[in-house]
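**Q** Pasting the sequence and the predicted coordinates here, then a few questions.
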Amino acid sequence: MSPQVESKSSSIVIVGAGVFGLSTAIHLAERGYTNVTILDKQSYQDSHYAYEKERHTTDYGSLSCSHCSTADINKIIRAAYGSQFEYQTLALDAIAKWKKWNEELKTGKTVPPGFSTSDALFVNNSTVTMTTGLEMDQFEKDTIRNMDRVGLRETQVNLHNPQDVARARAKGFGFAVDAFSTSNISSVLDTQSGFVYADRACHFALHKAQKLGVKAILGGSKSTFSHFLENADGKITGVKTADGVSHQADLTIMACGGWTPSLLTQLDNLCETTAGSVAMFQLPQDKALWDKFAPENFPTWSYDIRRGKYGGLYGFARDPNGVVKIGYRGTKFTNPQTQADGASRSVPVTRWTQEAIRQIPLMASRVIKGFVRDYLPELIDCEMTSRLCWYTDSYDNHFVIDFVPDHHGLMVATGGSGHGFKFLPNLGEHVVDRIEGKKNDYLQYWNWRSLEKGAKPYNSIMEGVGSDRSLHHQAMTSLDRFATQLSRL
């Protein structure tokens with residue numbers, strides 16, 4: 001494929017300042033593109049991507065707050081990808097680049113306002129993957145085999161293998177070995193993984209992009225997408241924002257996270273917006289608990305992550321404010337709404353778009369509650385808040401990075417499917433390869449595509465209001481009710 005822009009000075013507008021948009025902007029600038037603009041309706045220059053302006057604010061209407069999946073306190077960084085060797089390779093490359101970003105902070109090369117050279121984005125506190133039953137999950141077996149292919153077998157620790165455990169302790173990961181009672185479940189520790197401080201990582205990336213010359217227009221009507229500009233030949237020539245201003249572009253890239261499928265309706269049956277459920281437990285000022293859940297003493301973890309609606313749990317060490325986050329994606333909830341063209345599409349609903357939505361589905365709360373009861377009872381009496389976290393799932397769990405068919409000048413970068421954040425430092429390399437028409441082994445997975453007739457999708461999408469995953473059919477658990485239920489365990 002030939003390059004889709006004429007020169008490095010061609011104008012490129014990216015709609016969305018999340019992971020896909022930021023990474024694309026950085027790598028465009030690093031390859032010498034000089035006319036790149038990011039638009040996003042969120043005031044990230046004020047919020048610094050924090051989900052709440054202040055960690056425990058009750059001003060849920062604050063426009064300085066953020067409400068996309070990017071705006072979060074932490075995200076898992078894992079290298080394990082089972083049989084998907086290509087994603088393992090991409091993840092290992094991402095981890096290497098996260099370490100470079102840590103080094104940029106440490107050496108003072110890139111230090112955004114509010115950061116210091118003692119800060120870190122990526123924390124290598126390992127990940128513990130737990131699966132019901134003593135038989136190791138096939139995913140873990142495949143991961144071990146693929147890590148062995150690249151000389152990294154020793155990074156994978158079977159917690160039922162005394163030799164593996166001894167090796168993990170010798171490498172300083174004894175805290176992870178002892179974090180959970182795993183005698184009756186299959187458990188694998190990955191010593192090269194961990195988490196990133198998500199909001200700070202995006203703040204860092206935005207600063208890096210701007211330092212490289214990317215223009216960012218963020219917050220309010222001046223940066224809120226209204227509609228595409230189109231010439232007489234049908235070419236997309238940019239976008240108009242809600243304030244009526246036209247932003248001309250030789251190439252427009254839609255990277256709007258959970259809002260992408262409803263803004264770019266050509267994604268019907270390829271991508272859908274779905275919600276995960278998040279519970280955040282505030283630790284009291286108790287030294288024992290504070291120390292136990294510190295990142296240097298507690299691993300990142302997942303539980304029955306591929307076992308359907310009664311699994312799909314993951315969690316983290318505490319953040320600097322003492323918040324312990326547990327997420328649930330065993331059921332990927334939807335919010336189908338009828339749009340202007342008469343079609344029903346799932347759209348995000350957050351506490352900043354609907355005052356009442358300070359809840360998570362009762363199904364999610366019960367699964368989280370059961371795990372806390374069995375594995376982390378110290379959290380039962382902690383103050384807790386909850387929220388929905390909106391993602392964009394593709395039907396096959398692969399990203400979508402391609403030009404929109406029959407719309408010259410328009411590209412999409414989306415479909416994170418709950419595993420895209422880890423690639424913030426390197427995903428944009430591949431977006432730029434697509435723009436430049438370069439051969440790339442990954443892009444074959446991220447083409448514009450459709451589900452073959454009779455094939456079973458990895459993610460069921462576009463089921464509409466009748467789906468049992470629709471929030472229309474979910475009993476929602478209020479914060480007060482959920483907290484009371486936990487205290488009764």
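**A** Arrived safely. Predicted model only: the values in this text are computed from it and were never measured.
**Q** Quick check: G108 touching T117?
**A** Yes. If you go by C-beta atoms under 8 Å, G108 and T117 touch, sitting 5.3 Å apart. Every residue, glycine included, has its C-beta placed from N, CA and C.
**Q** Pull the number of nearby residues for R366.
**A** Residues near R366, counting by other C-beta atoms under 10 Å, number 15.
**Q** Could you say which helix or strand holds it?
**A** helix 362-375 (DSSP states H and E).
**Q** Now the element after that helix, going C-ward?
**A** strand 383-394.
**Q** The closest residue to H227 other than its chain neighbours in helix, strand or coil?
**A** The shortest distance from H227 to any non-neighbouring residue, by C-beta to C-beta, 6 or more residues apart in numbering, is to K240 (5.6 Å). At K240, secondary structure determined by DSSP: H, G, I helix; E, B strand; the rest coil is strand.
**Q** Pretty sure K240 sits against T252.
**A** No. Counting by C-beta under 8 Å, K240 sits too far from T252 to count as a contact (11.1 Å).
**Q** Report the contact partners of T155.
**A** 79, 147, 190-192 (C-beta atoms under 8 Å, 6 or more residues apart in numbering).
**Q** got CSV for these, with neighbour count too?
**A** Putting those into CSV (neighbours: other C-beta atoms under 10 Å) gives the following:
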residue, neighbour count
A79, 26
M147, 22
D190, 26
T191, 22
Q192, 19
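**Q** Among those, name the ones in helices.
**A** Mapping these onto helices (DSSP state H) picks out M147.
**Q** From N125, how far out is N74?
**A** 11 Å (C-beta to C-beta, to the nearest Å).
**Q** picking that back up, now the two most distant members of the contacts of T155.
**A** Pairwise distances across the contacts of T155 peak at 10.7 Å for M147 and T191 (criterion: C-beta to C-beta).
**Q** related to what we said a few turns ago, intersection of neighbour lists for N74 and N125?
**A** With C-beta under 8 Å, 6+ apart as the test, N74 and N125 both reach F195.
**Q** picking up where we left off before, now do the shared contacts for M147 and T191.
**A** 155-156.
**Q** what comes up buried for the helix holding R366?
**A** 362-365, 367-369, 371-372, 375 (16 or more other C-beta atoms under 10 Å).
**Q** same for that helix, what does it pack against?
**A** Packing partners of helix 362-375 (3 or more C-beta pairs under 8 Å, 6 or more residues apart in numbering; DSSP states H and E): strand 271-282, strand 313-315, strand 323-333, strand 476-477, helix 479-487.
**Q** next SSE after the third one?
**A** I take that to be strand 323-333. Strand 323-333 is succeeded, C-terminally, by strand 336-338 (DSSP H and E).
**Q** Ok, the longest one next?
**A** Along the chain past strand 271-282, the next helix or strand (assigned with DSSP H and E) turns out to be helix 287-292.
**Q** what does that next one rub up against?
**A** Against helix 287-292 from outside (C-beta under 8 Å, 6+ apart): 283, 297-298, 318, 322, 378.
**Q** Tell me the helices and strands packed up against the helix or strand following it.
**A** Remark: after helix 287-292, the chain's next helix or strand is strand 300-303, criterion DSSP H and E. Applying 3+ C-beta pairs under 8 Å, 6+ apart, we find strand 300-303 packed against strand 75-77, strand 127-132, strand 313-315.
**Q** which neighbours does the first one have in its sheet, and in what orientation?
**A** Paired strands of strand 75-77, with direction, are strand 194-196 (antiparallel) (DSSP bridges).
**Q** Can you name every helix or strand that the next helix or strand after the partner strand contacts?
**A** Using DSSP H and E, the helix or strand that follows strand 194-196 in sequence is helix 198-211. Using 3+ C-beta pairs under 8 Å, 6+ apart as the contact test, the elements touching helix 198-211 are helix 19-30, helix 44-47, helix 85-107, strand 215-218.
**Q** Go again with 7 Å.
**A** helix 19-30 (3 or more C-beta pairs under 7 Å, 6 or more residues apart in numbering; DSSP states H and E).
**Q** C-terminal to the helix it packs on, what's the next element?
**A** Using DSSP H and E, the first helix or strand after helix 19-30 is strand 36-40.
**Q** Which strands or helices does that next one pack on?
**A** Strand 36-40 is packed against strand 12-15, helix 19-30, strand 215-218, with contacts defined by 3+ C-beta pairs under 7 Å, 6+ apart.
**Q** Now do the helix or strand following the last one against strand 36-40, angle only.
**A** Under the assignment DSSP H and E, the closest C-terminal helix or strand after strand 215-218 is strand 225-230. Taking axes from the mean of the first three to the mean of the last three C-alpha atoms, to 10 degrees, strand 225-230 and strand 36-40 form an angle of 140 degrees between their directions.
**Q** related to what we said a few turns ago, as a whole number, average confidence for the helix holding R366?
**A** Mean per-residue pLDDT for helix 362-375: 95.
**Q** What of stretch 177-187?
**A** 94.
**Q** Show me how far that stretch is from its chain's centre.
**A** 26 Å (C-alpha atoms, centre = their mean, to the nearest Å).
**Q** Next: stretch 185-201.
**A** 13 Å.
**Q** rewinding a little: let me have the helices and strands packed on strand 300-303 in TSV, extended by mean neighbour count, distance to V278 and mean pLDDT.
**A** Below are the helices and strands packed on strand 300-303 laid out as TSV (neighbours: other C-beta atoms under 10 Å; distance: least, C-beta to C-beta, whole Å; pLDDT from 0 to 100):
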stretch	mean neighbour count	distance to V278	mean pLDDT
strand 75-77	25	11	98
strand 127-132	22	18	97
strand 313-315	26	10	98
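**Q** With distance to G151 as added columns, please give the ones you listed in JSON lines.
**A** Compiled in JSON lines, the helices and strands packed on strand 300-303 are given as follows (distance: least, C-beta to C-beta, whole Å):
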{"stretch": "strand 75-77", "distance to G151": "20"}
{"stretch": "strand 127-132", "distance to G151": "20"}
{"stretch": "strand 313-315", "distance to G151": "27"}
